[in-house]
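[1] need a 3D model of the sequence below.
(one chain, ligands or ions: 1)
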Amino acid sequence: AAQERTKFEFWYGLTGDLGEVVANHCKLFNESQTKYEAVCTGQGGYDKAEQNTIAAYRAKQQPTIVQIYDAGTLNFMLSGAIYKANQFDKDYGLNVDWKSYFPGIANYYATAGGEMWSFPYNSSTAVFYWNKDAWAKIGKNEAPKTWAEFADDLKALKAAGVECGFALDGDTWMNLEQFSATNNIPIATQDNGYGGLSAELVFNKTAYVDHMKNYKAWLDAGYARIQTTQVGKNLVQAFADGSCASTITSIANHGTVKNTQVPDLKWDVAMIPVLDAAKRTNSLVGGASLWVMQGKSKEEYEAAAAFLKYVTSPETGEKYIVKNTGYIPVTVKGFELLKSEGFYQDPKMAGREVAIASLTASAVGPNSRGIRLGNFTSIRSELRSELEAVFTGQKDVQAGLDAAVERGDQILRRYEQTYKGAALP
Ligand SMILES: O=P(O)(O)OC[C@H](O)CO
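    Below you'll find the model as predicted:
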């Protein structure tokens, strides 16, 4: 009789076609051997994967592995619910080559002492998606490099009959976090939280305020369109169907645009515009990493170890993710492997290396290392709802950002109280 496989649970946050890629990765692992079975369940979003896992841990029903996005990093580090990746690696003989992770990725996720407590899985950054035919109408064959140039282009696009030059929404990863990183502006004190739990939000008094005023002015002038679930279309759909000439979203969606675009759409990606082209700093790593949870049996951990070995190996891990999505390789080894196979020479992959150029545009500094704030998911959602009120004309920009900072700081102060006396990892 066939031997019973040891099962373990893996929860993931990605949805849509990207979620299907993760589900298929599980299937490939299960087919690659006969001893273990990954039972993989989509949670309906990165934020839900985080919330569901914390709730499940309290009820002692947590999965063995969970995919958590950048924004959940500090919560997971301090949760007491995780089995640290570097320790798990030692205990279960994974032999992960920690030094091979790209510095930007390692920096984002590492503790102050340089330890990795999760396994980077799918990494990205935000890029500018632009419609070449639309820009040709204004006599340009290059994406705008600065926000001022972009504003001029939007005006010209409108005059040339382009109905929507830019699709935007209230997602803070693109419009706050990446804007701040690439212009070397803080979003919070204490080096965006890496320096301590006493960090306070500052984005209501930086150049971000004027940036959001510009967004609002572009909406009012009819240069841009807000794309949310309320209008039934997201940024990727509005770009891929040709109805908006540009957007800013994750490089992860490169494959999605390619697979869903109207056939005659000619497009490319570029680094997102900055305030001053001569002073561009690196953009932030996005995507997610895999966390091992406490409280499982040795057998489940052995099964999870086999899975982690599979998905962190360049050949069976990164190569699969990178080829089937827009994500970037997470290790130098993975990158070299793809390069040696001619991946980046493939004309269909044009633009994919822009993300890497953006992530490495400068050395990582205190404003571009990442965000290390407690309950950052809740802070994001406070800002998002304020931005949606601003964009729909219910609130003035400054008032909206002030309110988001006030409530965001309350979240941070409660968090600081909860972890009073705890050393920041
Ligand atoms: O869309 P992704 O997977 O590149 O992730 C984007 C952001 O990092 C989410 O916080």
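[2] please tell me how far the residue of the stretch 251-400 of the chain found nearest the ligand sits from residue 401.
    Per CB to the nearest ligand atom, residue 286 is where the stretch 251-400 of the chain lies closest to the ligand, at 2.6 Å. The C-beta positions use only the backbone N, C-alpha and C, and glycine is treated the same way. Per CB to CB, to the nearest Å, residue 286 is found 22 Å from residue 401.
[3] can you pull up the most central residue in the chain?
    residue 286 (2.7 Å; CA atoms, centre = their mean).
[4] quick one, what contacts that one?
    Residue 286 is in contact with 69, 70, 123, 124, 125, 126, 173, 250, 252, counting by CB atoms under 8 Å, 6 or more residues apart in numbering.
[5] and it, how close does it get to residue 122?
    9 Å.
[6] which residues do these two both contact?
    Shared contacts of residue 286 and residue 122, counting by CB under 8 Å, 6+ apart, come down to residue 252.
[7] my read is that residue 93 contacts residue 306, right?
    No - assessed by CB atoms under 8 Å, residue 93 is found out of contact with residue 306, at 10.6 Å.
[8] so which of these two has more stuff around it?
    Per other CB atoms under 10 Å, whichever of residue 93 and residue 306 has more neighbours is residue 306, with 20 against 9.
[9] what sits against that one?
    Residue 306 touches 29, 33, 35, 36, counting by CB under 8 Å, 6+ apart.
[10] again, only using 10 Å
    Residue 306 makes contact with 6, 8, 29, 32, 33, 35, 36, 38, 92, 94, according to CB atoms under 10 Å, 6 or more residues apart in numbering.
[11] pop out the phi and psi values for the fifth one.
    In terms of degrees, to the nearest 10, the main-chain angles of residue 33 are phi -160, psi 170.
[12] next, count neighbours for it.
    12.
[13] and the pLDDT at it?
    Here the pLDDT value assigned to residue 33 is 97.
[14] before we move on, what about the second one?
    pLDDT, residue 8: 98.
[15] longest helix of the chain?
    helix 397-418 (DSSP state H).
[16] buried residues, that helix. List them.
    Buried residues in helix 397-418, counted by 16 or more other CB atoms under 10 Å: 397, 400-405, 407-409, 411-412, 415.
[17] make CSV from these and add pLDDT to it.
    Compiled in CSV, the buried residues of helix 397-418 are given as follows (pLDDT from 0 to 100):
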residue, pLDDT
397, 98
400, 98
401, 98
402, 98
403, 98
404, 98
405, 98
407, 98
408, 98
409, 98
411, 98
412, 98
415, 97
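[18] for the stretch 201-350 of the chain, which spans come out with low pLDDT?
    The model of the stretch 201-350 of the chain has pLDDT under 70 over residues 229-230.
[19] for the ligand, what are the nearby residues on it?
    When proximity is defined by CB under 6 Å from any ligand atom, the stretch 201-350 of the chain lies next to the ligand at 250, 252, 286, 287.
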